[in-house]
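> The sequence and its predicted three-dimensional model are supplied below.
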Amino acid sequence: MHIFAISGSIRPGSSNTALLHAATTLAPPGTTATIYQSLTELPYFMPGNYEESAPAAVANFRQQIRAADAILICTPEYVFSMPGVLKNALEWLVASGELYHKPTAIWSASPSATGGDQAYSSVERMLTVMEARLVPTAALQISHVSARVNKQGEVTDDSLRQELRQAVAALVAAAT
């Protein structure tokens, strides 16, 4: 069982990326995970440039998604939406179909009390259009994340650690 994880943040020290790292350690036995590290290498999406002529970075991104059993996206909220770099990455998948019926979990994390609910909704709408198989039992909206993940990227809150463990297990169960 392999999970392909995407952080919507490219900021060094991102709590969203830290949550994905924590998820890899909390996954059920027999589960592997890859955290995509190359969002900034994807060129700007251009409609009509998604067939065989896709740039190498896009072809690699698509291949990694095709090879995964499940997808996990964790995103911050910027200006009441998902970050542009994440939207750009997802746009490269709209017409190529890699997410079609692929078990997918959405996590949003924010230092605010809302847990990034607007970013979550933005990602959810986009993935619904692409017909990803969203797994509600694996979804999380994590509020006050800066008080629950330390500067070293470690989850310091036991209840959050348990939520992550349960969400990853639900995603794995949906993909098997």
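Done, it's in.
> Residue ranges in this protein under the pLDDT threshold?
49-52 (pLDDT under 70).
> Show me the helices in it, by range?
Secondary structure of the chain (DSSP state H): helices located at 15-26, 56-67, 84-91, 117-129, 158-175.
> Return the most buried member of these.
Of the helices of the chain, the one with the most neighbours on average (mean count of other C-beta atoms under 10 Å) is helix 15-26, at a mean of 21. Every residue, glycine included, has its C-beta placed from N, CA and C.
> tell me the angle of it relative to helix 158-175?
70 degrees (axes from the mean of the first three to the mean of the last three C-alpha atoms, to 10 degrees).
> spatially speaking, which residue is in the middle of the chain?
The centroid of the chain falls nearest to residue 73 when counting by C-alpha atoms, centre = their mean (1.0 Å).
> was I right about that residue contacting residue 104?
Yes - shown here, residue 73 and residue 104 form a contact pair, counting by C-beta atoms under 8 Å, at 7.0 Å.
> Would you mind listing the residues touching both of these two?
Counting by C-beta atoms under 8 Å, 6 or more residues apart in numbering, the contacts common to residue 73 and residue 104 are residue 127.
> now residue 96: how far from residue 9?
As judged by C-beta to C-beta, to the nearest Å, residue 96 and residue 9 stand 24 Å apart.
> With neighbour numbers in mind, choose between these two.
Neighbours per residue (other C-beta atoms under 10 Å) separate residue 96 from residue 9, with residue 9 holding more: 21 against 18.
> Distance-wise, check the nearest residue to that one once chain neighbours are set aside relative to residue 123.
Leaving aside its sequence neighbours, residue 9 sits nearest to residue 16 (C-beta to C-beta, 6 or more residues apart in numbering; 4.5 Å). Distance of residue 16 to residue 123, given as C-beta to C-beta: 12 Å.
> Alpha carbons of stretch 162-174, as CSV, please.
Extracted in CSV, the C-alpha atoms of stretch 162-174 (Å, rounded to 0.1, in the frame of the first residue of the first chain):
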residue,chain,number,x,y,z
GLN,A,162,-4.4,10.1,17.4
GLU,A,163,-6.5,11.9,14.8
LEU,A,164,-3.7,11.6,12.2
ARG,A,165,-3.3,7.9,13.0
GLN,A,166,-7.1,7.3,12.5
ALA,A,167,-7.2,9.4,9.3
VAL,A,168,-4.3,7.6,7.7
ALA,A,169,-5.8,4.2,8.7
ALA,A,170,-9.1,5.2,7.1
LEU,A,171,-7.4,6.2,3.9
VAL,A,172,-5.5,2.9,3.8
ALA,A,173,-8.7,1.0,4.4
ALA,A,174,-10.5,2.9,1.6
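> Noted, bye for now.
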